[in-house]
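In: Any chance you could fold what I've pasted below:
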Amino acid sequence: MQRAAARVLRGARTPPARTRSATARAPPPRGLLYERHGEPAAVVQLKDLEVAELRDSDVHVKMLAAPINPADINMIQGTYAILSPLPAVGGNEGVGEVLEVGRRVTALKPGDWVIPAAAGVGDSVIQNAANSGVGQAVIQIAKASGIKTINVVRDRPDLPKLVERLMALGADHVITEEMLRKPEMKDIFKSIPKPRLALNCVGGKSTTEMLRHLQPKGTMVTYGGMAKQPVMVPVSTFIFRDVRLRGFWMTQWKKDHAQDQESLTSMMDALCQLIRRGQLTAPACTEVPLQDYKAALEATMKPFASSKQILLF
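Out: From the prediction side, this is the model:
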């Protein structure tokens with residue numbers, strides 16, 4: 001359970017904190033796992049689970065007690081509105097004890113009792129131009145953070161190859177812009193929640209269609225306009241769903257944070273850690289000698305470019 005997914009039970013009786021060595025000697029954790037949908041007694045099994053490596057902003061929690069709710073039964077049966085990706089551990093509620101915290105976690109400490117702050121499978125992000133350098137980085141950062149991604153790309157002759165490459169980076173879903181308008185989108189949201197964040201660098205119809213899939217009070221951030229078309233927003237999106245639209249320009253962001261070196265350093269340090277762990281890699285690149293700059297410029301301007309041109313001096 002990550003820090004953002006836990007609330008401390010203030011005033012609860014707190015047992016003595018456990019040491020790292022004591023945790024290491026503990027038997028492997030167990031969970032009620034199901035690998036297919038069906039009647040709970042038939043598909044749920046008690047199995048050993050692997051504990052993820054503790055990262056800087058992570059929290060290791062041992063569940064102490066958990067209720068069996070009707071919604072849990074429905075999720076196991078496969079009849080609930082939102083379903084967890086299989087295999088899954090049953091249950092959404094309970095109380096747990098914090099065993100370990102990452103070095104950046106300050107709100108919790110070993111021995112605290114916590115409850116989940118959010119039920120289900122957590123957050124998701126939707127983005128267009130998912131094969132761009134930014135899009136590929138978003139896929140990897142979200143994967144490392146436990147956030148699901150819905151990645152929109154333009155249809156193209158080599159679409160299966162592109163889908164395979166993005167899935168290998170950690171994408172959960174890769175769809176075309178045409179798919180955004182089809183009823184099959186409902187199938188995606190059976191396994192993951194509707195996104196609270198949309199990232200837009202295209203504009204036009206792609207933007208309008210992504211907005212339809214945002215949660216109420218969700219936010220769309222526009223950082224580019226590759227289609228050279230305006231961002232069109234239905235009035236009902238503002239009135240009835242209170243969706244927020246924001247812009248982002250990296251140059252301005254740097255100016256605004258010029259005096260806040262601590263935040264900038266912290267962000268870069270977090271990205272460097274992902275790179276060192278192999279969780280964040282550079283996008284596909286083509287190295288071009290400086291004297292061949294014209295070829296590099298032409299390649300960059302071609303449609304469906306999937307490789308970033310790198311000039312070598």
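
In: which regions of the stretch 1-150 of the chain lie under the pLDDT threshold?
Out: Using pLDDT under 70 as the threshold, the predicted model of the stretch 1-150 of the chain has low-confidence ranges 1-26, 81-82, 118-121.

In: That one: helices as residue ranges?
Out: Counting by DSSP state H, counting those that start in this stretch, the stretch 1-150 of the chain has helices at residues 20-25, 40-43, 70-77, 133-144.

In: Just say which of those is most tucked in.
Out: Per-stretch averages of neighbours, counted by mean count of other C-beta atoms under 10 Å, single out helix 133-144 among these, with a mean of 20. (C-beta placed from N, C-alpha, C; glycine too.)

In: Any chance of JSON lines for the helices of the stretch 1-150 of the chain, columns distance to residue 196?
Out: What follows is the helices of the stretch 1-150 of the chain, written out as JSON lines (distance: least, C-beta to C-beta, whole Å):
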{"stretch": "helix 20-25", "distance to residue 196": "33"}
{"stretch": "helix 40-43", "distance to residue 196": "30"}
{"stretch": "helix 70-77", "distance to residue 196": "21"}
{"stretch": "helix 133-144", "distance to residue 196": "12"}
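
In: just so I know, which of these lies nearest residue 177?
Out: For residue 177, the closest of the helices of the stretch 1-150 of the chain is helix 133-144, at 13.5 Å, according to C-beta to C-beta.

In: Packing partners of that closest one?
Out: Helices and strands touching helix 133-144, by 3 or more C-beta pairs under 8 Å, 6 or more residues apart in numbering; DSSP states H and E, are strand 124-127, strand 148-153, helix 159-169, strand 197-200, helix 261-276.

In: could you redo those as JSON lines and give each row distance to residue 185?
Out: Formatted as JSON lines, these follow (distance: least, C-beta to C-beta, whole Å):
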{"stretch": "strand 124-127", "distance to residue 185": "10"}
{"stretch": "strand 148-153", "distance to residue 185": "9"}
{"stretch": "helix 159-169", "distance to residue 185": "16"}
{"stretch": "strand 197-200", "distance to residue 185": "14"}
{"stretch": "helix 261-276", "distance to residue 185": "30"}
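
In: mind putting these in TSV, mean neighbour count and distance to residue 296 included?
Out: Compiled in TSV, these are given as follows (neighbours: other C-beta atoms under 10 Å; distance: least, C-beta to C-beta, whole Å):
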stretch	mean neighbour count	distance to residue 296
strand 124-127	24	26
strand 148-153	25	23
helix 159-169	15	21
strand 197-200	24	26
helix 261-276	12	25
